[in-house]
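**Q** can't give you the sequence, but here's the structure:
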Ligand code: PDD
């Protein structure tokens with residue numbers, strides 16, 4: 001079955017889909033994006049993802065490419081047309097196409113929008129969660145506005161590649177004082193010896209992950225306490241459990257940091273129970 005992409009008002013074969021060479025996303029990374037999980041035919045946490053999209057767009061003064069209701073239908077239609085039952089839907093909005101100039105183009109330039117969907121294998125993800133993943137640490141070198149889900153991801157790309165080359169699956173950005181920020185594409189968590197979940201406050205310095213936010217709901221349901229504060233790499237190495245969250249991985253246990261085994265080298269039971277309960281508690285929008 002061939003994949004279909006949505007590009008500026010049209011559904012077209014993925015293989016032929018493209019944007020203009022002067023799209024500002026292509027030339028300046030002048031745009032924002034969202035990634036939603038699709039699980040068992042449902043788009044997960046669509047409301048929260050679109051709320052964050054709204055915030056990212058308004059922080060960068062980019063307009064909505066269409067109204068919210070229409071966007072919701074197009075997202076579902078892309079998922080449907082690609083027959084994605086389990087996978088991801090990716091959407092990107094840029095400041096549009098204009099002659100290259102750093103300053104904003106004229107106000108009547110329409111934003112560009114691209115939406116794609118792809119299948120993923122839930123069995124592979126479950127197997128990965130059952131084994132746990134490894135992270136490395138890298139110095140924080142991103143701009144200050146990482147709270148905006150911008151498509152400017154070069155430091156994240158470099159960090160992930162470094163992780164891969166070192167046999168790990170994720171890289172954590174670390175502040176000069178040793179505090180963990182977040183992963184290249186995930187939020188970072190630990191569980192203390194007392195069973196308290198700890199994740200960095202999301203006001204500045206990290207992206208407020210949608211999975212992170214929904215895990216607050218899940219933790220409440222499971223009677224778990226969350227502390228929003230920074231934690232150091234050293235504290236993570238001594239923690240009962242370590243894990244990361246994102247739409248792409250949901251809750252993924254971490255079993256090594258910089259080659260050192262953590263949490264006894266095994267996925268933690270709390271992380272796995274959060275992973276298990278996530279589907280029931282997150283908002284589900286059926287794609288058909
Ligand atoms: N990344 N932090 C960063 C830097 C991220 O890029 C992401 C998501 C997260 C987790 O956010 P959420 O729970 O909303 O997925 C945290 C997406 C999945 C990506 O770039 O592919």
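**A** Good, I have the coordinates. If you're wondering where the values come from, they're calculated on a predicted model, not measured in any experiment.
**Q** Now do the same contact list for residue 39.
**A** 86, 122, 279, 284 (CB atoms under 8 Å, 6 or more residues apart in numbering). No exception for glycine: its C-beta is placed from N, CA and C like everyone else's.
**Q** any chance of those in CSV, with secondary structure and distance to residue 77 too?
**A** Below are those laid out as CSV (DSSP: H, G, I helix; E, B strand; the rest coil; distance: CB to CB, whole Å):
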residue, secondary structure, distance to residue 77
86, coil, 18
122, helix, 22
279, helix, 23
284, strand, 17
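**Q** Spatially nearest residue to residue 191, not counting backbone neighbours?
**A** residue 241 (3.8 Å; CB to CB, 6 or more residues apart in numbering).
**Q** low-scoring stretches of this structure, by residue?
**A** The model of the chain has no residue with pLDDT under 70.
**Q** gap between residue 239 and residue 140?
**A** 20 Å (CB to CB, to the nearest Å).
**Q** Which residue of these two possesses the greater neighbour count?
**A** Relative neighbour count places residue 239 above the other of residue 239 and residue 140, with 21 against 18, counting by other CB atoms under 10 Å.
**Q** I'd like to know how far the more buried one sits from residue 101.
**A** Taking CB to CB as the criterion, residue 239 is separated from residue 101 by 49 Å.
**Q** Among the contacts of residue 39, which one lies nearest to residue 217?
**A** residue 279 (12.3 Å; CB to CB).
**Q** And the residue nearest to that closest one when sequence neighbours are not counted, its phi and psi?
**A** Excluding the flanking residues, the one nearest residue 279 by CB to CB, 6+ apart is residue 39, at 5.9 Å. Taking degrees, to the nearest 10, you get phi -130, psi 130 for the backbone angles of residue 39.
**Q** Kindly report the same for residue 29.
**A** phi 50, psi 40.
**Q** which SS state does the spatially closest residue to it that is not a sequence neighbour fall under?
**A** Once flanking residues are discounted, residue 29 sits nearest to residue 152: 3.6 Å by CB to CB, 6+ apart. For residue 152, the assignment made with DSSP: H, G, I helix; E, B strand; the rest coil gives coil.
**Q** From residue 24, how far out is residue 152?
**A** 11 Å.
**Q** And what about the closest residue to the ligand within the stretch 51-200 of the chain, helix, strand or coil?
**A** Nearest residue of the stretch 51-200 of the chain to the ligand: residue 185, at 3.9 Å (CB to the nearest ligand atom). Under three-state DSSP, residue 185 falls in the coil class.
**Q** Perfect, I'm done here.
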